[in-house]
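> coords please:
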Amino acid sequence: MLADCTLIAVTFAWGSTFTLVKDIVEQVPPMLFLAVRLAIGALALFLAITVLRRWRGFTMRELGWGVLMGLAIGVGYAFQTIGIQYTTASNAAFITGMLVVIAPILGVFMVRQKPHRWAILGIVMATLGLALLSLNFETGIRINEGDAIVLVCAFAFAVQVVLIARASWGDPLRLAMVQILVAGIINATGSVAFEHRINGMTPELWVGTAFMGIVVTGAAIGIQISVQTYTTVAHASLIYTLEPVFAAIFAYWLQGDRLGPITLSGAGLIVAGMLVAELGPFIRGRRDARRLATVELEKHTHG
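Here you go, the predicted structure:
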């Protein structure tokens, strides 16, 4: 339960910054912003590891797993940035959220974690909720060429979630630092190759980017790696679907975005899916315990 609450807090941090990210990328090319944000996050973790004297035991094996995670989220960020240029924001949000389906499937093969039936029901509910929350039914849903590109992003993020489960033996701060650094290099390379140059960043942009790098990237991913090992891939994926819910709440609060009945229904389904996956086994366990107690009582009475 503590691990779930901590991951919810991490997801809350990610969802709360959508408005800030939107403001920044209107002034700075997105891959450049990501490169700077990730570099700051990696530097913050490097300093934390040094101060805490956590370098001892750092091996090439740990470095390799960190690089794999970094490649996953680096590719995810890059394909999301490219794909959203050729599709709608609603399509991109929904397809990215499909990691809730992809990650448990990968988890069966990569970490031998088979989701229980309550988790499967929760995943189905959360997927329907994502559709209601993200897709624009009023203007009609259109399939765009960018959707396939964004699907690569969802797959990459799902791989990262499963890799965290595989590398549960490693130091979370070191794994997070390597991961973020590699993702930053990928986005920096993409920015140099494809984006236009800017003259400089204002102090306000630097403050916002530094906050994103230190808190929402470095600290959040370090915490994610630390606590995700205490839950399953399917359960963690369900928790991560709360990100668009939190994003919608903050958009309503900060920007006055309208939350219609369809949006609210989608958010409700996602939360309900989480509750079903969380409480289902507990309720079933108590029911089985009562049934077993009844059988034992009957045996004792007849005996």
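> contacting residues around the residue lying closest to Y230 once chain neighbours are set aside?
Spatial nearest neighbour of Y230, chain neighbours left out: A3 (3.8 Å); criterion: C-beta to C-beta, 6 or more residues apart in numbering. For the C-beta atoms, the positions are set from N, CA and C on the backbone; glycine is no exception. Taking C-beta atoms under 8 Å, 6 or more residues apart in numbering, we find A3 in contact with V227, Q228, Y230, T231.
> Go ahead and confirm the second one touches Q160.
Okay, so that is Q228. No - taking contacts as C-beta atoms under 8 Å, Q228 lies outside contact range of Q160: 10.3 Å.
> what does the average pLDDT come to for stretch 135-143?
For stretch 135-143, mean pLDDT rounds to 67.
> so where's the stretch 101-250 of the chain uncertain?
136-143 (pLDDT under 70).
> what ranges do the helices span in it?
Along the stretch 101-250 of the chain, counting by DSSP state H, counting those that start in this stretch, helices occupy 117-134, 145-166, 172-194, 203-211, 220-228, 233-240, 242-255.
> Please identify the deepest-packed of the ones you listed.
helix 233-240 (a mean of 26; mean count of other C-beta atoms under 10 Å).
> Would you mind pulling the contact partners of it?
4, 7-8, 11, 99-100, 103-104, 106-107, 111, 113, 115, 119-120, 122-123, 126, 158, 161-162, 164-165, 228, 231, 273-274, 277-278.
> what about A42, helix or strand, and which?
helix 30-51 (DSSP states H and E).
> How about T6?
Assigned by DSSP H and E, T6 falls within helix 2-16.
> before we move on, back to that, what about the helices of the stretch 101-250 of the chain, which gets the closest to M60?
helix 172-194 (11.2 Å; C-beta to C-beta).
> Would you mind giving the orientation angle of that closest one with respect to helix 145-166?
160 degrees (axes from the mean of the first three to the mean of the last three C-alpha atoms, to 10 degrees).
> Point out the other helices and strands that helix 172-194 packs with.
If you count contacts as 3 or more C-beta pairs under 8 Å, 6 or more residues apart in numbering; DSSP states H and E, helix 172-194 packs onto helix 30-51, helix 60-83, helix 220-228.
> May I have stretch 25-42 exported as CSV, CA atoms only?
This file holds the C-alpha atoms of stretch 25-42, laid out as CSV (Å, rounded to 0.1, in the frame of the first residue of the first chain):
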residue,chain,number,x,y,z
VAL,A,25,7.5,24.4,-25.2
GLU,A,26,5.6,27.3,-26.8
GLN,A,27,8.8,29.2,-26.4
VAL,A,28,11.5,26.5,-26.6
PRO,A,29,11.7,23.6,-29.1
PRO,A,30,10.5,20.5,-27.3
MET,A,31,13.5,18.2,-27.7
LEU,A,32,15.8,21.0,-26.6
PHE,A,33,13.6,21.5,-23.5
LEU,A,34,13.7,17.8,-22.8
ALA,A,35,17.5,17.7,-23.2
VAL,A,36,18.1,20.5,-20.8
ARG,A,37,15.5,19.2,-18.3
LEU,A,38,17.0,15.7,-18.4
ALA,A,39,20.6,17.1,-18.1
ILE,A,40,19.6,19.0,-15.0
GLY,A,41,17.9,15.9,-13.5
ALA,A,42,21.0,13.8,-14.2
